[in-house]
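Visitor: Build me a structure from this.
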Amino acid sequence: MKRKSKGLIMGVLLLVIAMQLAGCSEVLQAMNKRESVSPVQASDFVHRFYLERDDYKEGDQVTFISELEYVGDRKSVTINHAMSPFYYGIQESTGKYTFMFVMPQPLIHTTLYPGKPLIEKYSNGWAYLNDGSDTIIGKPADIPFPAGNYTVVGSTDFNVGEFGEENENKEPMELTGKEVAFSVAP
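Guide: Numbers count the residues shown, from 1 in each chain. Modelled structure (predicted):
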């Protein structure tokens with residue numbers, strides 16, 4: 001009887017350990033996903049762009065993640081940008097859908113510190129039917145991302161400069177990330 005209870009306890013213990021490892025693997029996969037995206041660097045800034053997942057189902061919330069990190073020698077640097085320094089170009093492989101990325105254009109100032117990236121998640125994309133007409137935007141699709149294969153490019157656009165001062169850079173800093181593919185299943 002004692003042997004059976006020891007075996008049962010060991011079995012339960014192994015099951016608990018396996019379940020914990022499975023949970024840890026999801027965290028590790030997310031960390032590996034972030035690290036697997038090739039960062040783009042210009043001057044003292046690094047831009048990273050990635051998705052939470054590669055595969056989605058219709059109705060799932062598709063989330064893009066962008067990071068902007070200052071890697072220079074100063075204690076901090078202030079950038080100015082629109083509502084967000086990040087924007088996205090989304091394409092569906094058949095051309096049946098069009099995506100518009102629009103945001104308010106106020107002048108926002110954000111202070112960046114070395115080793116502390118600005119991280120934003122974006123999950124507001126919505127497909128519009130591309131009916132072949134000359135209209136800029138068609139009728140909205142029934143769901144944000146209909147079944148299909150997609151590519152998205154994340155970019156950032158900003159100027160360097162304190163509030164009320166002239167920008168340090170003559171042209172806006174624009175860093176364009178690598179194209180990332182994902183699919184949406186029916």
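Visitor: separation between the residue nearest to the spatial centre of the chain and Glu171?
Guide: Closest to where the C-alpha atoms of the chain average out (CA atoms, centre = their mean) is Ile65, at 1.7 Å. Distance of Ile65 to Glu171, given as CB to CB, to the nearest Å: 26 Å. The way it works is simple: take the backbone N, C-alpha and C, and place the C-beta from them, glycine included.
Visitor: now swap in Phe182 and tell me
Guide: Distance from Phe182 to Glu171, counting by CB to CB: 32 Å.
Visitor: For His47, which three-state class applies?
Guide: strand (DSSP: H, G, I helix; E, B strand; the rest coil).
Visitor: Mind listing what's buried along stretch 84-95?
Guide: Buried residues in stretch 84-95, counted by 16 or more other CB atoms under 10 Å: 84-88, 90, 92.
Visitor: Considering those, which is situated nearest to Glu166?
Guide: Nearest to Glu166 among the buried residues of stretch 84-95 is Pro85, at 19.0 Å by CB to CB.
Visitor: if I pick Tyr128, what's in contact with it?
Guide: 97-100, 137-141 (CB atoms under 8 Å, 6 or more residues apart in numbering).
Visitor: biggest separation within the residues you listed, which pair?
Guide: The widest separation within the contacts of Tyr128 (CB to CB) is 13.7 Å, between Phe99 and Lys139.
Visitor: For this protein, which segments count as strands?
Guide: In the chain, the strands defined using DSSP state E lie at 40-42, 45-51, 55-57, 64-70, 77-81, 86-92, 97-99, 108-112, 118-122, 127-129, 148-160, 173-185.
Visitor: Serialize those strands to TSV and add fields for distance to Glu166 and mean pLDDT.
Guide: Formatted as TSV, the strands of the chain follow (distance: least, CB to CB, whole Å; pLDDT from 0 to 100):
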stretch	distance to Glu166	mean pLDDT
strand 40-42	20	91
strand 45-51	19	94
strand 55-57	44	92
strand 64-70	19	95
strand 77-81	11	93
strand 86-92	24	90
strand 97-99	35	83
strand 108-112	14	93
strand 118-122	23	93
strand 127-129	39	81
strand 148-160	10	92
strand 173-185	15	91
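Visitor: still on that earlier bit, of Phe182 and Glu171, who's got more company?
Guide: Phe182 (19 against 7; other CB atoms under 10 Å).
Visitor: how about the more buried one, what does it touch?
Guide: Residues near Phe182 by CB under 8 Å, 6+ apart: 51, 53-56, 62, 149-152.
Visitor: Could you measure from Ala82 over to Tyr150?
Guide: Ala82 is 24 Å from Tyr150, by CB to CB.
Visitor: which of the two has more neighbours?
Guide: Higher neighbour count among Ala82 and Tyr150: Tyr150, with 22 against 15, using other CB under 10 Å.
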